[in-house]
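Peer 1: starting from these lines, generate the structure:
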Amino acid sequence: MNLTQHSIRKPVTTLMVFVCFVVLGIISARMLPLEFFPDLDAPFIFIDIPYPGSTPREIEREITRPAEEALATIGDVKRMTSRSGENGAWIRLNFEWGIDANLKALEAKEKLEGVRHLFPRDLERFNVRKFSTSDMEMLILRLSSNRDLSGSYDMLNRNLKRRIERIPGVSKVELYGVEKKEIRILLEMDRVISHGVDIGSLAQRLQRGNFMVTAGKITDNTRRLVVRPVGEYQSVGEIEEIPVAGPNLRLKDIAEVSYDMPELEYGRHLNRRYAVGLNVYKESGANLVDVMI
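Peer 2: This next block holds a predicted model:
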């Protein structure tokens, strides 16, 4: 007995099976997440090694070349591309299709950890990430105004960026085109030379003096107290009074300290007006339409 004869003899059963398939299809269609791009893990690995305040030549000699020599020992590397700039090094590794990018990313991290002693001592971290379409931004925004937005980081971060981050399904929001204020220390080289100040030692002293760490816990009967030494600078005047060499020479005697906006090396425009950009990323598995609405 074939399927056709069975369906004709039992029409009610056949109709119920058909209805069940239709209902399951409708439910699956409503629950199926929508994506802007299909989930694709490309065989690319990106290594970002930030090291601000240096020169491209120094970055290439002390960071890029040791990192390239270590990463070259990874198998199945098809192509390696690197770039050295004043703020750090950037390396890209291309592999053949079909390679597990997650394993290659772990292997690249192990290789860099093995040569970390060759990097500058004050290098804080490096980032290894793989390319995936799920990591791409789902929405790119531009915001312009008749007023100057270059100094409105706190307002945009509080009223725009943080509110979008609280939307269900949003994983991350990047705000660029406007930066928060920073402490700028402009050394007077003639005064530095005349007083014989070591710039390297001065930079280390500034880093050691600005910290906030957790030192442990103290238990007193039923109370538990967290010990957190705080050594952060609270004002520009406090930084100016930092001793540099001896008790009488202060930082303000050899440098100009200010709290100002950083110099932007890039710009965003909308209809010939200065604009602020926002990149919105969604969580993995979240429905694109629901998050956008």
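
Peer 1: rest of the way, CA atoms for contacts and neighbours
Peer 2: Noted.

Peer 1: confirm for me that Glu241 is in contact with Ile254.
Peer 2: No - using CA atoms under 8 Å, Glu241 makes no contact with Ile254, being 11.2 Å away.

Peer 1: which of these two has more neighbours?
Peer 2: Higher neighbour count among Glu241 and Ile254: Ile254, with 22 against 14, using other CA atoms under 10 Å.

Peer 1: and the more buried one, how far from Asp48?
Peer 2: Distance of Ile254 to Asp48, given as CA to CA, to the nearest Å: 34 Å.

Peer 1: and if you look at Ala105?
Peer 2: Plainly put, Ala105 is 12 Å away from Asp48 if you go by CA to CA.

Peer 1: anything in contact with each of the two?
Peer 2: Val128 (CA atoms under 8 Å, 6 or more residues apart in numbering).

Peer 1: which SS class is Tyr259?
Peer 2: Secondary structure, DSSP: H, G, I helix; E, B strand; the rest coil: Tyr259 is strand.

Peer 1: so where's the stretch 1-150 of the chain uncertain?
Peer 2: Residue ranges of the stretch 1-150 of the chain with pLDDT under 70: 1, 32-41, 132-135.

Peer 1: what are the ranges of the strands in it?
Peer 2: 41-50, 77-85, 88-95, 127-132, 139-144 (DSSP state E, counting those that start in this stretch).

Peer 1: dump the C-alpha coordinates for the longest one into CSV.
Peer 2: Below are the C-alpha coordinates for strand 41-50, written out as CSV (Å, rounded to 0.1, in the frame of the first residue of the first chain):
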residue,chain,number,x,y,z
ASP,A,41,32.9,32.5,10.7
ALA,A,42,35.5,33.6,8.3
PRO,A,43,39.1,32.3,8.6
PHE,A,44,40.5,35.7,9.7
ILE,A,45,42.2,36.6,13.0
PHE,A,46,42.9,40.1,14.1
ILE,A,47,45.5,41.0,16.8
ASP,A,48,45.4,44.5,18.3
ILE,A,49,48.3,45.5,20.5
PRO,A,50,47.7,49.0,21.9
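
Peer 1: circling back: now the strands of the stretch 1-150 of the chain in JSON lines, with distance to Ala67 and mean neighbour count?
Peer 2: Formatted as JSON lines, the strands of the stretch 1-150 of the chain follow (distance: least, CA to CA, whole Å; neighbours: other CA atoms under 10 Å):
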{"stretch": "strand 41-50", "distance to Ala67": "10", "mean neighbour count": "20"}
{"stretch": "strand 77-85", "distance to Ala67": "10", "mean neighbour count": "15"}
{"stretch": "strand 88-95", "distance to Ala67": "9", "mean neighbour count": "20"}
{"stretch": "strand 127-132", "distance to Ala67": "12", "mean neighbour count": "16"}
{"stretch": "strand 139-144", "distance to Ala67": "33", "mean neighbour count": "14"}
